Each structure stands twice: as C-alpha cells, then as structure tokens.
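Engineer: Return atomic coordinates for the entry below.
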Amino acid sequence: MFPHQLTDGRAFHIAQALRDGFDRHYTLFRRTSAEAKQRFEAADWHGQQRAQRERIEFYDMRVDEAVERLRTEFDANTLPMDVWQQVKLHFIGLLTDHHQPELAETFFNSVTTKVLHRSYFRNDFIFVRPALSTEYIENDEPAAAPTYRAYYPTRETLHETLTRIVDNFQLQRPFEDLPRDVGCVVHALEGEMSTARLRANFQIQVLASLFYRNKGAYLVGKVINGFSELGFALPILHTAEGRLVIDTALFGDDDLQMLFSFARAYFMVDMEIPSAYVQFLRSLMPRKPRSELYSALGLQKQGKNMFYRDLLYHQRHSSDRYRIAPGIKGMVMLVFDLPSFPYVFKVIKDFYPLQKDTTRELIKSKYLLVKTHDRVGRMADTLEYSNVAFPRARFEDELVAELKHFCPSLIEEDGDWLVIRHVYIERRMIPLNIFLQEATPQQLQHAVVEYGNAIKDLVAANIFPGDMLWKNFGVTRHGKVVFYDYDEIEYLTDCNFRRVPAPRNEEDEMSGEVWYAVGPKDVFPETFEPFLLGNPAVREVFMQHHADLLDAAFWQSHKERIAAGHVHDVFPYEPERRFHRRAAAALSPA
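Structural biologist: Numbers count the residues shown, from 1 in each chain. You can find the predicted model right below:
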C-alpha cells in the first residue's frame, strides 16, 4: 500500500532528478527531429541516416546517466521500498502539467527497473498502468503552434487552399511546379470523393509538422466532409535538379498503414505533444495499435512499454497456451507464439550447429543493425525485452522442454512464473515457404515477384540478407514480402560478389567439393539457384522477373553505386501511383 504521508525528504529530490533526466532526453530527441527539416532542404541524406541511427541511442544514454546520478547522489540501491513509493507519488505530482507525461512515466520505469529487483516491478513502485491521462493536453504558451491546423475550402477554392497548406510549411527550396502538383492532388482527391456533396463542415486538418524519413517529407492530414473522414499523406521529394515535387497522394487506411508499416524506419517529427499526434493518427488508422504509432514516430521505448501492456491485457483475457511456432525450426533462434496474439517470440539459443559460425553477441549486433537502419518496408521491426515473466501455466510442456534444452542460460522458473532473460518480439507473418505450398498459381506468381522485389529493396538500402531461403521471409496481410531472419545479415558494401571460376580440369568439374578459394565475405550469387528454384513453377516466375539476382554483376554494381555515395529512393507505394515519375529521379549527394 502507498504510505499515507510523504515523510522522506529524499523522495522529492529523486523524483525531480528523474524528471530532469527525462526532460533532457526529450529536448535532445526533439531537437534532432526538428533539424530533419534542414537536412531535407539541404538534401543531406547521409546526415539524415546518421541522425536516425544516433537518435535511437539517445534514450539508453539518458537512462544510464539518470541511473548513475541516482546511485551517486542518493545511494539509490540501498533505499527502502517506502521511499520508492514516495518517489513515484512525487513524480506523478511533477507531471501534472507536463506535455509528455506518458513518455516520462516510461522513462521512470526504465531507470527504476535498473535499480530495483524485478520482484518490485509492480504498480506500487513503477507505472504498470499509466497514472496520468494524455487526453486534451494543450500547449498554452502564446507562440505555441497547435498540433494540427484546420482549413475550410469550398470546391472552388480547393486548389488555392491546398497550395496555402503546402506553403505554410515554409520549405526553403522551390517546387518544380507547385500549381501542377496541387492540380494532381485535387484531381486525385475528387476521384476519392467521387460525387459526394460538400457538407457544411467540409474542412482539411493537417498535422503541424512534416514527417521526415529517408529522402522524403510527408504532409499528413485528413479531409472531413459531414460524417465522413478521409486520411491522406502527400510525399514531397527532390528532383534530380534539386527542386521539390509532390510525388503522389495517398488516401485511406490501407495506404497509410503501408506508410506507417512496422517494416519501415521511424519518422522524424517535431512534436511538443506526442500523444496528440498519436490520437490524430489513430483517427486515420483505427486498426493500428498505439504502440506501433509511438514507435513509428521514433518513440520506440514508449511503443515497447505500450506493447507490453497490451500483452499483459491480452494474457488476462485469453486462455490459449504458448507453443512452438509452426514452420521450419531455426538453427540459432527458438521461436514460439500464442495463437490468439499476432506476434512471435524469438529467443537466441545457447548453442548452434557447426555450419552456423556465430555468437550471441554477434546475433544481437545484427538485430541492432536492423533497428538503426532504414528498413525500407522489407525488414520487420523487433521489440527487445529483458527479464520477461510469463505465467508458467500458459506454456505447453513441449515448449518449456525445448527452452530448457536450447536456451538454459536464459530460462528461470520462479514460482508460478517462467522468466526469460532476453527475448525479441516481432509481428507474426505467414512464412513464405508455407505460403508458396498453399498458394494458387496467381498467388504464387505475386509472392515470387514480391520476394525478388524485397531483396532488391534491401540491396538498395545496402543490405545483403545472407540466408535468402524462402523460410526466412514472411507474407503480411497486405501481401508484402518481408525479411525477418537477421543472424546472417551484412552490409552490401562489406561483401565481395564473385562469379564461380571456370573449372581448371575435368576433376574440378566432376568434384562435389569447392575447388577454388573462398574468402569470409565472398558471395557467389549463381549458387543461389539450387537452393531457391527447385519448384518448376517458382523457377519460371523467378527467372522471368528476377534472373539478375543470380548474376554477381547485379550485386557488384549496386555495391559500387552505394560506395560512391548514392542513396536510393525507396517508395512506400507502388511506382504507378507517382504523378511525375520522370521528375523524382534519385538524387546523388554531392
């Protein structure tokens, strides 16, 4: 129970130190996000990529700073539990008028769980549930911009209003032809609205910050007409000549779900009140979990916290049991799932077959690489947790036996709980090998084409997937093929792509052994064929659309372009959706 009085003077100062640590974090996080506008205007794509990577590291750095401060200034490891209860109460008071209370609560949890034993990870000591509402938070400072702006056009002034909306972002680089682009947006919007009559409350609401990612800036808003609402996003890109274009118009839940996909890098958005952005985005994508929206906005620790709350809530309201995940078992990961929950849980094994020359630390470094890289819609985001306590009764005995056999160093039974010391969690997809077995001819063709497209998108992002077997890719509900097995992933620029040398003699030709020298980073694309194309139907489609993936020259040419500084365009929409395909050619930085 909470103490009736706040009796310990140290508690307030500890709470203040925790709030100050969070405020420092969010100030730096927001500054980096706001500077994305200048990097976009300057076409500083490498700077944008670097800032994306560095921003992900900010949070853990600030947490470690706060832990160190609590230990050195307050001897936090020795404080009695009633002091920590008081710290939490003081912290709640300090957040009464805060603009990011939910993020501050998560920061509090991150720091205190590094200080406290996990037996105290309950509501008295940390924020298992949020203590403060994020509804209707406002920035009351006179010069503060609102979360979104509302515009009230008529059908006759729609072009003029949309032009004003774009101009209000004050991008410091001219458009190639803004009236032309806005005309295309108006035409597309009228097609979406069809013959709908404009209602009295016809309006366009637009979020106050652009969303920056890779080489694009996205204007995000919604059109309200009577009782109907239509979400939209306008991608703004550079042309090869350095001017700006609106590349297309995306409309509705499905388009926006693809834009905010869990398989894409986090956006950079300048937000004073992130909960208001999430609330706005939820009105556009009601099926999208809040946890994924926070992550998409770069607040992945908040996304992790909210996901874990969703998991606890789901466990309380379900009765099925965790099981070994269907499909081919991995060599380095033990994968399990809960059938009623759309995610999989991946635990690194303690030992691997001889052909897998790897270590736990190397595998973790590969997953971190994916976290900090542009995932270009082709690599699933992962949530990484430590010391997760699951109800033992909800685990099938076969799964527990496998965990104890393959991962004994990561498993601990604690009363009614099974504690896993380290686990990754990913969105569940249909493994591509299983999908192909059950697919119609049309579905098979689409999946094989998508598989090749996925690899080519990864190549454009400087990623060599390593193990390209079908089982390491999954199919999303939108039919996209996404890679999810990262233990052999490499930067493309670190690989050496070679042709298989011609045999020197008949003995070489007949030999079942490799007769030529192979370096540790050598890759021979023509050797992919026997492993991938045993199915004649798959082979036919693959060779028609993606035969170049078996040619070392394809890989080597992309490697050389990336090494020369080129940053590829990767679009979160189909190429035929683009208004002016000729205009938005890839721009190589100087």
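Engineer: So, low pLDDT: which residues of the protein?
Structural biologist: Along the chain, segments meeting pLDDT under 70 span 1-4, 117-124, 142-143, 195, 508-512, 515, 581-590.
Engineer: how about 50 then?
Structural biologist: Low-confidence segments of the chain (pLDDT under 50): 1-3, 582-590.
Engineer: Can you give the domain ranges for it?
Structural biologist: 9-120, 148-299, 318-428, 431-550 (automatic domain parsing).
Engineer: Among these, single out whichever gets nearest to residue 134.
Structural biologist: With CB to CB as the measure, domain 148-299 is the member of these nearest residue 134 (3.6 Å). Just so you know, the C-beta spots here come from the backbone N, C-alpha and C atoms, and that holds for glycine as well.
Engineer: Give me the neighbour count for residue 213.
Structural biologist: 24 (other CB atoms under 10 Å).
Engineer: do the one 3 residues further on as well
Structural biologist: Look at residue 216: counted by other CB under 10 Å, it has 22 neighbours.
Engineer: can you pull out the strands in the stretch 151-300 of the chain?
Structural biologist: Remark: strands assigned in the stretch 151-300 of the chain by DSSP state E, counting those that start in this stretch are 203-207, 211-213, 216-225, 228-238, 244-246, 250-251.
Engineer: To residue 30, which of these lies closest?
Structural biologist: strand 211-213 (13.2 Å).
Engineer: Contacts for the closest one next, please.
Structural biologist: Contact with strand 211-213 is made by 33, 36-37, 39-40, 48, 217-220, 233, 264-269, 374, as judged by CB atoms under 8 Å, 6 or more residues apart in numbering.
Engineer: just to revisit the earlier point, need the domains of the chain in JSON lines (columns: distance to residue 579).
Structural biologist: Supplementary listing: the domains of the chain in JSON lines, determined by distance: least, CB to CB, whole Å:
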{"stretch": "domain 9-120", "distance to residue 579": "19"}
{"stretch": "domain 148-299", "distance to residue 579": "4"}
{"stretch": "domain 318-428", "distance to residue 579": "20"}
{"stretch": "domain 431-550", "distance to residue 579": "21"}
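Engineer: Let me know which of those is the nearest to residue 128.
Structural biologist: Smallest distance to residue 128 across the domains of the chain (CB to CB): 8.5 Å, for domain 9-120.
Engineer: residues in contact with the closest residue to residue 258 other than its chain neighbours?
Structural biologist: Nearest non-adjacent residue to residue 258, counting by CB to CB, 6 or more residues apart in numbering: residue 572, 5.5 Å away. Taking CB under 8 Å, 6+ apart as the contact definition, residue 572 lies against 235, 258, 259, 261, 264, 377.
Engineer: Apply 7 Å and report the result again.
Structural biologist: Residue 572 makes contacts with 258, 259, 264, 377, as judged by CB atoms under 7 Å, 6 or more residues apart in numbering.
Engineer: Repeat that for residue 500.
Structural biologist: Contacts of residue 500 were listed using CB under 7 Å, 6+ apart, and they are 524, 526, 527.
Engineer: can you check residue 428 too?
Structural biologist: Per CB under 7 Å, 6+ apart, neighbours of residue 428: 337, 342, 343, 344.
Engineer: Residue 153 now?
Structural biologist: Residue 153 makes contacts with 161, 204, as judged by CB under 7 Å, 6+ apart.
Engineer: do residue 404 as well
Structural biologist: In this structure, residue 404 makes contact with residue 411, judged by CB under 7 Å, 6+ apart.
Engineer: Likewise for residue 419?
Structural biologist: 387, 389, 412.
Engineer: Would you agree it falls within a strand?
Structural biologist: Yes - under DSSP: H, G, I helix; E, B strand; the rest coil, residue 419 falls within a strand.
Engineer: who does it bridge with?
Structural biologist: residue 389, residue 412 (DSSP bridges).
Engineer: Kindly provide the distance from it to residue 357.
Structural biologist: Using CB to CB, to the nearest Å, we find residue 419 at a distance of 30 Å from residue 357.
Engineer: With residue 116 instead?
Structural biologist: Taken as CB to CB, the span from residue 116 to residue 357 is 39 Å.
Engineer: The two: who's more crowded?
Structural biologist: The neighbour comparison of residue 116 against residue 357 (other CB under 10 Å) goes to residue 116, with 17 against 10.
Engineer: Can you verify my assumption that the more buried one contacts residue 125?
Structural biologist: Yes - assessed by CB atoms under 7 Å, residue 116 is found in contact with residue 125 at 6.3 Å.
Engineer: Now for those two: what residues contact both?
Structural biologist: Common neighbours of residue 116 and residue 125 (CB under 7 Å, 6+ apart) are residue 84.
Engineer: Now stretch 135-144 - C-alpha only, PDB.
Structural biologist: The C-alpha coordinates for stretch 135-144 follow below in PDB (Å, rounded to 0.1, in the frame of the first residue of the first chain):
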ATOM      1  CA  GLU A 135      -6.400  13.400 -23.300                       C
ATOM      2  CA  TYR A 136      -6.700  17.100 -24.300                       C
ATOM      3  CA  ILE A 137      -3.100  18.100 -23.400                       C
ATOM      4  CA  GLU A 138      -2.600  21.600 -24.800                       C
ATOM      5  CA  ASN A 139       0.400  23.900 -25.100                       C
ATOM      6  CA  ASP A 140      -0.900  27.100 -23.700                       C
ATOM      7  CA  GLU A 141       2.200  29.200 -24.500                       C
ATOM      8  CA  PRO A 142       1.100  32.200 -26.600                       C
ATOM      9  CA  ALA A 143       3.500  31.500 -29.500                       C
ATOM     10  CA  ALA A 144       3.000  27.700 -29.500                       C
END
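Engineer: Can you give me the buried ones in it?
Structural biologist: For stretch 135-144, a neighbour-count test (16 or more other CB atoms under 10 Å) marks residue 137 as buried.
Engineer: Repeat that for stretch 387-406.
Structural biologist: In stretch 387-406, counting by 16+ other CB under 10 Å, buried: 388, 389, 390, 395, 399, 400, 402, 403, 406.
Engineer: quick one: residue 11 from residue 110, how far?
Structural biologist: Computed as CB to CB, the residue 11 to residue 110 distance reads 19 Å.
Engineer: returning to that earlier point: to residue 561, which of the domains of the chain lies closest?
Structural biologist: Within the domains of the chain, the stretch nearest residue 561 is domain 431-550; the backing value is 9.3 Å (CB to CB).
Engineer: And the closest one, end to end?
Structural biologist: End-to-end distance for domain 431-550: 23 Å, by CA to CA, to the nearest Å.
Engineer: Among the contacts of strand 211-213, name the ones in helices.
Structural biologist: 33, 36, 37, 39, 40, 48 (DSSP state H).
Engineer: what's the burial count for residue 238?
Structural biologist: Neighbour count for residue 238, taken as other CB under 10 Å: 25.
Engineer: Settle this for me: it is touching residue 45, isn't it.
Structural biologist: No - applying CB under 7 Å as the test, residue 238 and residue 45 come out as separate, 9.3 Å apart.
Engineer: which one of the contacts of residue 572 is nearest residue 310?
Structural biologist: Of all these, residue 310 sits closest to residue 264, with 20.5 Å by CB to CB.
Engineer: helix, strand or coil for the residue nearest to the closest one when sequence neighbours are not counted?
Structural biologist: Of all residues not flanking residue 264 in the chain, residue 377 sits nearest, at 5.1 Å (CB to CB, 6+ apart). The three-state label given to residue 377 by three-state DSSP is coil.
Engineer: Next up, the contacts around the residue located most distally from the centre of the chain.
Structural biologist: Distance from the C-alpha centroid of the chain peaks at residue 506, with 51.5 Å (CA atoms, centre = their mean). Neighbour list for residue 506: empty [criterion: CB under 7 Å, 6+ apart].
Engineer: any idea how far residue 499 is from it?
Structural biologist: Separation of residue 506 from residue 499 (CB to CB): 20 Å.
Engineer: One more: residue 149?
Structural biologist: Shown here: residue 149 relative to residue 499, a distance of 57 Å by CB to CB.
Engineer: Equivalent analysis for residue 18, please.
Structural biologist: Remark: distance between residue 18 and residue 499 (CB to CB) = 59 Å.
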